[in-house]
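Visitor: Pasting the sequence and the predicted model now:
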Amino acid sequence: PDWATATDMLTVGTQLFIMVRGQTSDSRLYVTDGSVAGTVKLKDFGSNGPTQIRLAANPAGTGVVFSASDGLAGQELWTSDGTVAGTKLLADIAPGPGSSDPGILVELGGELVFAATTVGEGRELWTTDGTTAGTHLLADIAGGPVDSDPDLAPHGVIGGTLFFTAASSTAGTEVHATDGSTTWLEMDAKPGLAGSSPLILGEAGGKLIVHLAPTIGSDMAEPHAWDGSSLTQLGEITAGTPYGPPRDFAALGSRLTFWSRDFDGDSFWITDGTPAGTEVLMETPQEPYPHDHGLTVTPQGTAIFRGFSMDSGIELFETDGTAAGTFEVRGPGVMGEVIRELVPDPTGQGVYLWTWDEAGNIGQLWWSDGTSGGTILLNSSSSTQHPGIVGSGSRVLFTGYAPEHGWEPYISDGTPAGTHLLADIHSGSWNS
């Protein structure tokens, strides 16, 4: 047996669905009610399919929908109601051993929208209501077997509309939109087949924020605001640098935060959708090994995130959306040498952090509400392995270690008492 790490989990009703990936690249789906006796393996998909399988709630009302392959039908849509018998192929979009390779499943108006590939239409926009009969092509944007290659993400949903990028036969790669029944070209920023190849960042001040280079012949892409009829550049933020577009974008109230990198280091930005309301909150030296900053909004309206400084290394920071109100939560080295993982608490009350103290050779799991007094140690382990924290409902799952049972799944509700071994799947010191 080998160790396994949870790649995704989702709470549906009283059931917690967990997808794990083993050291030998085998994917397995489990369901649990939070107890050892109530933890059941539903399906072993072997080493077929992607390294990370994402779960989405089934719009039909029971269980989950996900993309997977059992080695027979190719990479297709599957569903599970939490029983072994009810874990089955939902739709064989590309019939036979071929794969339609469904992409990210985005909830929109009670259905799931995704990209999938067929011989007749190429890679296009599809939708499902969680039933086999209700899984169908939503739009053939490029026409015929040519791929429009829709790029979807949950942060593209604004109101009842999903904004995404795709390539048509006349407009190149541009921003398109759908309300789940009708699909249209939203913005043709760079007319012609070249396209502006935009990156959708999210919403700020009721406007769509995109990163693109609208001028023909220009590669100097910058964040812009789209109000439905015109584009406004928000500032000179990323042009001329070799480090790519903004990353780790997240909403803070009606504004949008994001990180950029240039020759001098990393910058933490916020925008309200106007040039005057776009400013730097914090500048740091380049982090040697950049990770997701994991910005999480607290119930108080502030946000906590993983940041880097020369004095403290990688530590916990908080911001109220102003430069003056952006600061380190705890002093250097108080919580450990380096924050290796930061994951939002699914309850929205704080974050989970995993730190690594190189001097003490100890990995530690913490929970924090963004204050020094509200930062609590949950679990310690003498191992370098990242725990792979994933959360859903009111709990998170992570991989924990103890000599008596090896690497096994642990569960936590954000308290020391509620952090414990979920199941010793391979009894004894064997890893699961």
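Guide: Arrived safely, thanks for sending. Numbering: from 1, shown residues only.
Visitor: show me where pLDDT drops low in the stretch 251-400 of the chain?
Guide: 288-291, 312, 330-338, 357-361, 382-387 (pLDDT under 70).
Visitor: So which residues of it form strands?
Guide: Counting by DSSP state E, counting those that start in this stretch, one finds strands in the stretch 251-400 of the chain at the ranges 255-261, 266-271, 279-284, 296-297, 303-309, 313-319, 326-328, 338-344, 351-357, 362-368, 375-381, 390-392, 395-402.
Visitor: Okay, angle between the fifth one and strand 255-261 too, please.
Guide: When you say that, I think you mean strand 303-309. 20 degrees (axes from the mean of the first three to the mean of the last three CA atoms, to 10 degrees).
Visitor: Give me the residues contacting strand 303-309.
Guide: Strand 303-309 is touched from outside by 250, 252, 257, 266, 268, 282, 284-285, 287, 291-298, 314-319, 321, 328-329, 339, 342, 350-351, 353, 368-370, with contacts defined as CB atoms under 8 Å, 6 or more residues apart in numbering. Yep, even glycine has a C-beta here, placed from its N, CA and C like the rest.
Visitor: partners of that strand, with directions?
Guide: Partners of strand 303-309 in the sheet, by DSSP bridges, are strand 296-297 (antiparallel), strand 313-319 (antiparallel).
Visitor: Also the third one?
Guide: Paired neighbours of strand 279-284 in the sheet (DSSP bridges): strand 266-271 (antiparallel).
Visitor: Just the CA trace of the strand it pairs with, in PDB.
Guide: Output of strand 266-271 as PDB, limited to C-alpha atoms (Å, rounded to 0.1, in the frame of the first residue of the first chain):
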ATOM      1  CA  ASP A 266       5.600  41.000  -6.000                       C
ATOM      2  CA  SER A 267       2.900  43.500  -5.600                       C
ATOM      3  CA  PHE A 268      -0.500  43.100  -3.900                       C
ATOM      4  CA  TRP A 269      -3.200  45.200  -5.700                       C
ATOM      5  CA  ILE A 270      -6.800  46.100  -5.200                       C
ATOM      6  CA  THR A 271      -9.300  47.700  -7.600                       C
END
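Visitor: Any quick ChimeraX command for the buried ones out of the contacts of strand 303-309?
Guide: Only the buried entries of those go into this ChimeraX selection, using 16 or more other CB atoms under 10 Å:
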select :250,252,257,266,268,282,284,287,293,294,295,296,297,298,314,315,316,317,318,319,321,328,329,339,342,350,351,353,368,369,370
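Visitor: follow-up on the earlier one: mind putting the strands of the stretch 251-400 of the chain into JSON lines with distance to Gly130?
Guide: Output for these, formatted as JSON lines (distance: least, CB to CB, whole Å):
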{"stretch": "strand 255-261", "distance to Gly130": "31"}
{"stretch": "strand 266-271", "distance to Gly130": "36"}
{"stretch": "strand 279-284", "distance to Gly130": "41"}
{"stretch": "strand 296-297", "distance to Gly130": "29"}
{"stretch": "strand 303-309", "distance to Gly130": "34"}
{"stretch": "strand 313-319", "distance to Gly130": "39"}
{"stretch": "strand 326-328", "distance to Gly130": "42"}
{"stretch": "strand 338-344", "distance to Gly130": "26"}
{"stretch": "strand 351-357", "distance to Gly130": "30"}
{"stretch": "strand 362-368", "distance to Gly130": "34"}
{"stretch": "strand 375-381", "distance to Gly130": "35"}
{"stretch": "strand 390-392", "distance to Gly130": "18"}
{"stretch": "strand 395-402", "distance to Gly130": "24"}
